[in-house]
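Q: attaching a predicted model along with its sequence, questions to come.
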Amino acid sequence: MALPKVCGIETEYGIFVRGAENDPVAASSLLVNAYADRLGPRPGWDYEHERPSSDARDPEPPAFDGGLDPELESRLVNTVLRNGARYYVDHAHPELSTPEVRTARDAVLWDVAGERIVRRSVEMALGHLPSGAEIVIHKNNSDGKGNSYGCHENYLVDREVPFGRVVNGVLAHFISRQVICGAGKVGSEFPGQSPDAVPYQISQRADFFEEQVGLETTIRRPIVNTRDEPHADPLVYRRLHVICGDANMSQVSTFLKVGSTSILLAMIEDGALKDDLLPANPVTAVRQISHDPTLRATVLLDDGRRLTALDLQEALLEQARAWADRHGLESVGVEVGREVLERWAEVLSSLRADDGRAARWVDWVAKARILDAYGARHSVAEGSPRMRAIDLQYHDLRPERCLATRAGLDEIVEEAEAARAVDEPPSDTRAYFRGRCLGKFGDSVVAANWDSMVFDLGRDPLRRVQMSEPLRGTADLVANVIDESSTVSELLERLGS
Amino acid sequence: MAERTHREPQRRDDEASEVDEGVPARSEDGTRLKAELDDLLDEIDEVLESNAEEFVKSYVQKGGQ
């Protein structure tokens, strides 16, 4: 039976400095620090149990406790926010991980809140920069010069499902879902190919995938990442770490990306996904699909058939509907699940008919519409600097520059809820406990990570509270206890820790 | 790129027709969308970085995950 699809999105943002020295590492640190400092004393990130080099293809689940892993990212700057999110510097990019959420809609909500947090950080960082200087942030995945950074999704999956089955199940979707959620890009960044060989493509990330399956994230990127770091009981749970998606400006695109993938994973858990859509060469296929925005490119399947990305998506949607009828949508949220299926169908239908409606929902279509119209009005050639500037500015988070906010995109969440999600955690995952503790007892939180928190009770020893169950620590379970406790000692006593 | 959003030849702005030939049943939508697109194009010229070439050339990122 499918587990609730707890999920989250981690976004690496593009960053540069104008009007002062452009040092992305320093600027990223400044950005995160400027935001975090306004919140008062900051708990550190607790790295003790991070093991990013555990591989899902290993038959043994990762050890539950242990020492530091040599592959840990820089400890430079790292903070946990009171909405349960993690905001930090990952190499040379500011990165924000949403708190764990239960549905695709909540994923959008906290992702949008994340954008607000980043924008607010930019404002706050101004005071620390020379006059006239600014930090500019882009929510995209490449600089057009061969350097890429990710927008990763995470999904809770039943460990009982053999990893091989997960891989076989997701490949068709991972290579083709770009048609419903790709962010679009001018030019090619495929090594050895001239940048102008591809005037416009569907995905920002497609050119960067070199392997079908693998552990790496910064080189030899795989379509399916095998990182096995569940941040939860490793005997029960798997966290599927998905690195092949684009960062989205369109809320509907984010919604579809997370919603469709959640449904697919639930189907795999229920044994309801047929494996007849396995691509013969996924690495080639993801690029073939991306490089043809007319959606006519076909890719070879293992069984010899050739299908287009739309064919694949339609086949997956059909199976999804059958699964939903038979098994129900509880694992992804009944209302949200219904909306995902409806919107998924609407987008595919619009793309099939080429009627232009998808420009309100899908980033690459919206961007293409702008580029086509601009190119026509000004007789500007494809691939010219102004076209590349439009591509880039689509993702610019500066309100006065952002083209996505001017593109007429539909929204999934309202401004008021997004504003609340900046400071409030989701109520239905362990992010609730994390966020509430930080909000109410922030001074007493020494360190935190996804599956535990360390408190200082004012006397030795420090106390660690383990949170290995993503679905505990919810408002239902702990809101009263938190509300009624005036100190951390009281809280831990009431929790029986 | 003009191939993508319309399989018919890309309409120029100096043509009088209001209705997108590919969407006959949605003429109102088509008109509204075109008007919005025109407004957007007007706005883009103000919003777009003044030195596009320089801006694009100078946008370099370190590789991430």
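A: Cool, got the structure.
Q: for the residue of the stretch 101-250 of chain A found nearest chain B, give me its contacts.
A: Nearest residue of the stretch 101-250 of chain A to chain B: residue A:149, at 3.0 Å (C-beta to the nearest C-beta). Where you see a C-beta, it was placed from the backbone N, CA and C, and this is true even at glycine. Residue A:149 sits next to A:12, A:13, A:14, A:93, A:141, A:142, B:61, B:62, B:63, B:64, B:65 when contact means C-beta atoms under 8 Å, 6 or more residues apart in numbering or on different chains.
Q: same thing with residue A:226?
A: Counting by C-beta under 8 Å, 6+ apart, residue A:226 has contacts A:55, A:56, A:57, A:163, A:213, A:214, A:215.
Q: pLDDT at it, what is it?
A: Per-residue confidence (pLDDT) for residue A:226: 94.
Q: now it: closest residue in space, sequence neighbours ignored.
A: In this structure, residue A:226 finds its nearest non-sequential neighbour in residue A:56, 4.1 Å apart by C-beta to C-beta, 6 or more residues apart in numbering or on different chains.
Q: pretty sure that neighbour sits against residue A:234.
A: No - look at residue A:56 against residue A:234 with C-beta atoms under 8 Å: they stay out of range, at 10.8 Å.
Q: report the set of residues contacting both of these two.
A: Contacts common to residue A:56 and residue A:234, judged by C-beta under 8 Å, 6+ apart, are residue A:228.
Q: thinking again about what came up before, mark which of the contacts of residue A:226 are buried, thanks.
A: A:56, A:163, A:213, A:214, A:215 (16 or more other C-beta atoms under 10 Å in any protein chain shown).
Q: would you confirm that the fourth one contacts residue A:227?
A: No - at 9.6 Å, residue A:214 and residue A:227 do not qualify as touching, with contact defined as C-beta under 8 Å.
Q: let's see the longest helix seen in chain A as CSV, backbone CA atoms only.
A: Counting residues, the longest helix found in chain A (DSSP state H) is helix A:104-125. Taking Å, rounded to 0.1, in the frame of the first residue of the first chain, the C-alpha atoms of helix A:104-125 are listed here in CSV:
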residue,chain,number,x,y,z
ALA,A,104,2.0,18.9,-4.1
ARG,A,105,-0.1,21.9,-3.2
ASP,A,106,1.8,22.4,0.0
ALA,A,107,5.1,21.9,-1.9
VAL,A,108,4.1,24.9,-4.1
LEU,A,109,3.1,26.9,-1.1
TRP,A,110,6.4,26.5,0.8
ASP,A,111,8.4,26.8,-2.4
VAL,A,112,6.7,30.2,-3.1
ALA,A,113,7.4,31.1,0.6
GLY,A,114,11.0,30.2,-0.2
GLU,A,115,11.1,32.7,-3.0
ARG,A,116,9.8,35.3,-0.7
ILE,A,117,12.5,34.5,1.9
VAL,A,118,15.2,34.8,-0.8
ARG,A,119,13.8,38.1,-2.0
ARG,A,120,13.6,39.4,1.6
SER,A,121,17.2,38.3,2.1
VAL,A,122,18.3,40.3,-0.9
GLU,A,123,16.7,43.4,0.6
MET,A,124,18.3,42.8,3.9
ALA,A,125,21.7,42.1,2.4
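Q: and that helix, average pLDDT?
A: Mean predicted lDDT for helix A:104-125 stands at 97.
Q: what are the buried residues along it?
A: A:104-115, A:117-118, A:121-122, A:124-125.
Q: for stretch A:156-170, same thing?
A: Here stretch A:156-170 shows A:156, A:157, A:158, A:159, A:161, A:163, A:166, A:167, A:168, A:169, A:170 as buried, counting by 16+ other C-beta under 10 Å.
Q: do the longest helix of chain A and chain B meet?
A: No - shown here: helix A:104-125 not in contact with chain B (C-beta under 8 Å from any C-beta of the partner chain), separated by at least 15.0 Å.
Q: and the pLDDT at the closest residue to chain A within chain B?
A: Closest to chain A within chain B is residue B:64: 3.0 Å, counting by C-beta to the nearest C-beta. Residue B:64 is assigned 94 on the pLDDT scale.
Q: next one: residue A:30
A: 92.
Q: so how many other residues sit close to it?
A: 22 (other C-beta atoms under 10 Å in any protein chain shown).
Q: and it, what does it touch?
A: A:125, A:128, A:129, A:135.
Q: what kind of secondary structure is the last one in?
A: Look at residue A:135: counting by DSSP: H, G, I helix; E, B strand; the rest coil, its state is strand.
Q: verify the stated contact: it with residue A:26.
A: No - look at residue A:135 against residue A:26 with C-beta under 8 Å: they stay out of range, at 10.2 Å.
Q: higher neighbour count, those two?
A: residue A:135 (28 against 15).
Q: give me the contacts around the longest strand belonging to chain A.
A: The strand spanning the most residues in chain A, taking DSSP state E as the definition, is strand A:151-158. With contacts defined as C-beta under 8 Å, 6+ apart, strand A:151-158 is touched by A:2-12, A:139, A:141, A:166, A:232, A:236-243, A:245-248, A:257-258, A:261-262, A:265, A:268-269, A:470, B:65.
Q: of all pairs in the buried residues of stretch A:156-170, which one is the farthest apart?
A: Comparing every pair within these by C-beta to C-beta identifies A:156 and A:168 as the most remote, at 19.4 Å.
Q: what's the pLDDT at residue A:6?
A: In this prediction residue A:6 is given a pLDDT of 98.
Q: what bridges to the closest residue to residue A:214 other than its chain neighbours?
A: Spatially, and ignoring its direct neighbours in sequence, residue A:214 is nearest to residue A:222 (3.5 Å; C-beta to C-beta, 6+ apart). Assessed by DSSP bridges, residue A:222 has beta-bridge partners residue A:211.
Q: domain map for chain A?
A: A:7-417, A:427-495 (automatic domain parsing).
Q: where are the low-confidence patches of chain B?
A: B:1-30, B:33 (pLDDT under 70).
Q: thought residue A:208 was touching residue A:188?
A: No - applying C-beta under 8 Å, one finds residue A:208 not in contact with residue A:188, separated by 11.2 Å.
Q: can you give me the strands for the stretch 1-150 of chain A?
A: A:7-12, A:14-18, A:44-45, A:78-80, A:86-90, A:93-97, A:134-138 (DSSP state E, counting those that start in this stretch).
Q: neighbouring strands - and their directions - for the fourth one?
A: Read that as strand A:78-80. Per DSSP bridges, strand A:78-80 is paired in its sheet with strand A:86-90 (antiparallel).
Q: next, the angle strand A:93-97 makes with the strand it pairs with.
A: Angle between the axes of strand A:86-90 and strand A:93-97 is 150 degrees (criterion: axes from the mean of the first three to the mean of the last three C-alpha atoms, to 10 degrees).
Q: which residues touch strand A:86-90?
A: The contact list for strand A:86-90 (C-beta under 8 Å, 6+ apart) reads A:10, A:12, A:25, A:28-29, A:32, A:35-36, A:45, A:73-74, A:76-81, A:94-97, A:117, A:450, B:64-65.
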